[in-house]
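Undergrad: Here is a sequence together with a model predicted from it:
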Amino acid sequence: MSVAGEKELHEATAQTADAVVQDQVLAQAISRLRCRIPHALILMNMFTKNVKPRKRGRPPGPTAQGAAARSRLYATALELIAERGYEATTLRDIAAAAGVSVGLLYRYFPSKQAVVIALYDELSADYARRAADMPQGKWRERFTFALEMSLQVLEPHRVALRALTPVMVGDPHEGIFAVGTAFSRLRVQRVFEEAVAGSADAPKRPLAEALGRLLYLVHLAVLLWWLLDKSSRQRATAALLSLTRQLLPSAALALRVPPVRRFVISVDALIREALFQDPVSA
């Protein structure tokens, strides 16, 4: 064999030996790694599964204790407003009467307006829920049901509502027709709209929608009468309800006359622009 051939044979043999050695080293490393991986996983599980991160601050969502505190502060605020009037009642007065700090009161009711909005929310939600059981029938019967149901829902809060009358009627920010309280008005308004639209003798649109909104305003007028009524046991309010029921059949007949229907639609457009901030294009 030549010298060159022997040299090539030695190099090939060396490469083969190196490859064998590398394979053995790699196999040993993999074996040691396989032995260590279970231990690493065990340690990882110990620290990730058994050790839970601590959360700082108050627990998320309302608590029973917080709900009870808010309810007590809300009731105290309404009692003081009913006793002293809205303008004369301050947040400090409410906090003092409830025996809490002003800071705690601010957490639930940062302003007197927040108390009024909470009252609107509570009463309108209760009314919409109870009015869902409105019976079938003619629109005048369903309107009477909706009107009397409103008085039943508001009766337990009559004194507080009477103290809030100037606010509900005249305040541009906290009144019934304010933008910030529209959610409450719309809840109640929809009940009267549905009283007409879902009745057995419902007129066609847009008269049905206009009549529903108009009856909502009639309902507000009766409520204002009720709040200001000084007669014994609101006898004058009972008499007004009786007169209203007597007038409704004639009103239903009048709606068959085209000029009356046009009048109702025109008045509704003026009401929407003046009170609801919902101008109607001509």
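TA: Cool, got the structure.

Undergrad: and residue 234, how many residues sit next to it?
TA: 18 (other CB atoms under 10 Å). Just so you know, the C-beta spots here come from the backbone N, C-alpha and C atoms, and that holds for glycine as well.

Undergrad: how far away is residue 108 from residue 94?
TA: With the distance defined as CB to CB, to the nearest Å, residue 108 ends up 10 Å from residue 94.

Undergrad: Next: residue 223.
TA: As judged by CB to CB, residue 223 and residue 94 stand 26 Å apart.

Undergrad: Counting neighbours, go ahead and name the busier of those two.
TA: Of the pair residue 223 and residue 94, residue 94 is the one with more neighbours under other CB under 10 Å, namely 23 against 19.

Undergrad: who's in contact with the more buried one?
TA: In this structure, residue 94 makes contact with 73, 76-77, 80, 105, 109, 115, judged by CB atoms under 8 Å, 6 or more residues apart in numbering.

Undergrad: repeat that with 7 Å
TA: Residues counted as contacts of residue 94 (CB atoms under 7 Å, 6 or more residues apart in numbering) are 73, 76-77, 80, 105.

Undergrad: In PyMOL, select just the buried ones from those residues.
TA: Remark: buried members of the contacts of residue 94, expressed as a PyMOL selection using 16 or more other CB atoms under 10 Å:
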select buried, resi 73+76+77+80+105
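
Undergrad: got a markdown table for the contacts of residue 94, with pLDDT too?
TA: Written out in a markdown table, the entries for the contacts of residue 94 read as follows (pLDDT from 0 to 100):
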| residue | pLDDT |
| --- | --- |
| 73 | 95 |
| 76 | 96 |
| 77 | 95 |
| 80 | 95 |
| 105 | 93 |
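
Undergrad: And the contacts of residue 94, which is closest to residue 272?
TA: Ranking those by separation from residue 272, with CB to CB as the measure, puts residue 77 on top at 33.0 Å.

Undergrad: Please, which helix or strand holds that closest one?
TA: If you go by DSSP states H and E, residue 77 is part of helix 64-84.

Undergrad: Restrict whichever helix or strand comes after that helix to CA atoms and write it as PDB.
TA: Per DSSP H and E, the first helix or strand lying C-terminal to helix 64-84 is helix 91-98. Extracted C-alpha coordinates of helix 91-98, given in PDB (Å, rounded to 0.1, in the frame of the first residue of the first chain):
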ATOM      1  CA  LEU A  91     -73.500  65.100  52.600                       C
ATOM      2  CA  ARG A  92     -72.000  65.900  56.000                       C
ATOM      3  CA  ASP A  93     -75.400  65.700  57.500                       C
ATOM      4  CA  ILE A  94     -76.000  62.300  55.900                       C
ATOM      5  CA  ALA A  95     -72.600  61.000  57.100                       C
ATOM      6  CA  ALA A  96     -73.200  62.300  60.600                       C
ATOM      7  CA  ALA A  97     -76.700  60.700  60.800                       C
ATOM      8  CA  ALA A  98     -75.400  57.400  59.600                       C
END
